[in-house]
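**Q** sequence and predicted structure are below.
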Amino acid sequence: MTDQPRILLIGSSGQVGWELRRTLAGLGIVIASSLEGKHGSRIDLMDTQALAQLINETQPDAVVNAAAYTAVDKAENDRNTAQRINADAVGELGKLLAERNTPIIHYSTDFVFSGNINRPYTENDAPNPLNVYGATKLNGELALLNSGANALIFRTSWVYGRYGANFLLTMLRLFRERDELRVVNDQIGAPTWSRMLAEITALVLYRVLRGELNLEQIGGIYHLSGAGEVSWYGFARAILEMSGLETNLIAIPSSDYPTPAQRPRYSVLDNRKFQETFGLMIPDWQLSLAQCLEQ
């Protein structure tokens, strides 16, 4: 590895990728690539040869893959595209990196779980996704683990931030547009600030690049989401109160807001394995939200 490690960031135009471009810049040379070609070169993950060409041309010392098909409802009728981006391409990428002994950090989701338990999910709990998005993300996890690559897979949840399309930005817009808003109150999860996720990723990758972490020993799946738990209604209420805006919020059951894709009722992730392995604490979701809104 050179004095300036080369870090290939795939998915640089998403809300996590947008933050990663900043947090990874202090570690080395960031080579940004995205599905849309924004904030970096364009990569077509539908093209098997494109991945091999990207790796050959960039010769990275590490890869962070933040690219994903995240349109949960749309995926119900677009399984092939979701499977290609979330799973097949991830497995192919893993095989290419395994040949070069290049480490990779990849993100997955709480939607790999069914939500039928009443305690935070650990990495030892059996996945059972309810929708196509969760199924393809689970397939991606398995493909990467089976590729032989030195990989860290960070499962996260309810990602939001000041960039991209997410619940926070949608709520802030609707608070300004409507006098009344109905929000689901029977789905429980943990909001995760995209900047916090990117900053913690950079801290871990720094240690990987320095040779302080042996991914052959500690590689695998880790849960990394905001600490605590809340419903979508509770999350919306917190956004409303912290933003100083005004509207009438009404709590409703999921049955009053049907969607094409079924969501887990409870999908809180247990972060203890991550914190014990890497010695990093995960902030409570309310603290992260407050810091995000201060921006």
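**A** Nice, thanks for sending it over. Numbering: from 1, shown residues only.

**Q** give the residue farthest from the middle of the chain.
**A** Asp179 (32.0 Å; CA atoms, centre = their mean).

**Q** right, and that residue touches Ile250 too?
**A** No - Asp179 is not in contact with Ile250 according to CB atoms under 8 Å; the separation is 11.2 Å. Heads up, the C-betas are built off the backbone N, CA and C, glycines and all.

**Q** give me the nearest residue to Thr70, chain neighbours excluded.
**A** Tyr133 (7.2 Å; CB to CB, 6 or more residues apart in numbering).

**Q** sec struct for the one you found, please.
**A** helix (DSSP: H, G, I helix; E, B strand; the rest coil).

**Q** and if you look at Leu203?
**A** helix.

**Q** is it true that it touches Met281?
**A** No - assessed by CB under 8 Å, Leu203 is found out of contact with Met281, at 11.1 Å.

**Q** between these two, which one's more packed in?
**A** Counting neighbours by other CB atoms under 10 Å for Leu203 and for Met281 shows that Leu203 has the greater number, 14 against 11.

**Q** which SSE is the residue lying closest to that one once chain neighbours are set aside in?
**A** Among residues not flanking Leu203 along the chain, Leu280 sits closest, at 6.3 Å (CB to CB, 6+ apart). Under the criterion DSSP states H and E, no helix or strand holds Leu280.

**Q** quick check, Leu280 in contact with Thr201.
**A** No - Leu280 lies out of contact with Thr201 (CB under 8 Å); the separation is 10.5 Å.

**Q** ok, these two, which is more surrounded?
**A** Neighbour tally, Leu280 and Thr201, criterion other CB under 10 Å: the higher count belongs to Thr201, 22 against 14.

**Q** show me what contacts that one?
**A** Applying CB atoms under 8 Å, 6 or more residues apart in numbering to Thr201 gives the contacts Leu20, Thr23, Leu24, Val64, Ile105, Phe154.

**Q** the third one reaches Ile7, doesn't it?
**A** Yes - because the distance of 5.3 Å satisfies CB under 8 Å, Leu24 is recorded as touching Ile7.

**Q** what touches both of these two?
**A** Residues touching both Leu24 and Ile7 comprise Val30, Val64, Leu205, with contact defined as CB under 8 Å, 6+ apart.

**Q** the first one pairs with what?
**A** Think Val30. For Val30, the beta-bridge partners are Ile7 (DSSP bridges).
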